[in-house]
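Novice: starting from these lines, generate the structure:
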Amino acid sequence: MDMEPTAVGSSDLCPMCHEAPETVDHIFMGCPVSKEVWLQVCSWWRLLEHSPSSCRELLDCKELLGGHQRLKVVQEAIMLVLWVIWRFINSKTHALNSNSISKLVLAYEVQAHSHLWINAQNQKGQNLRWIEWCCDPIFECYYRM
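Specialist: Numbers count the residues shown, from 1 in each chain. Sure thing, here's the model as predicted:
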């Protein structure tokens, strides 16, 4: 019995938009799907006038935030955006019913996961409140942490 090897996701195109080569900068920053997620998250955090255009710009932005304990939350949110995008790519690549997931759902996932993640790490015992977290995460972090 002859069996030909098959490659999962053998296309060199971005698995989200299928319009450009799959590069780190494209999938995390340049793809229309990831760009929209970044715009939503940056708007929610009131951090930047525009979303980062490259991973280098993102890392430089992270360095500008410094080591202040409360700004660590913003750094964690940045990592969470990357994780949500990566998870979405994996679900599309492995056909886990992700075709109907919208960019807004991905941004909502960042909100929900970051709320859970930061509450789990909060040492003071005061949980971040969901409504306030959704409206103004920076203020909620300063108030509660």
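Novice: show me where pLDDT drops low in this protein?
Specialist: Within the chain, the segments meeting pLDDT under 70 span 1-10, 48-52, 61-71, 95-103, 123-125, 142-145.
Novice: spatially central residue for this structure, please.
Specialist: The structure's the chain has its C-alpha centroid closest to residue 81; by CA atoms, centre = their mean the separation is 1.1 Å.
Novice: distance of it relative to residue 24?
Specialist: According to CB to CB, to the nearest Å, residue 81 and residue 24 sit 14 Å apart. All C-beta spots, glycine's among them, are computed from the backbone N, C-alpha and C.
Novice: surely the residue nearest to the centre of the chain touches residue 110?
Specialist: Yes: using CB atoms under 8 Å, residue 81 is in contact with residue 110, at 5.4 Å.
Novice: tell me, what's touching these two both at once?
Specialist: Shared contacts of residue 81 and residue 110 (CB atoms under 8 Å, 6 or more residues apart in numbering): 37, 41.
Novice: now the lengthiest helix in the chain: buried residues?
Specialist: Counting residues, the longest helix found in the chain (DSSP state H) is helix 72-93. Across helix 72-93, burial judged by 16 or more other CB atoms under 10 Å covers 72-74, 77-78, 80-82, 84-85, 88-89, 92.
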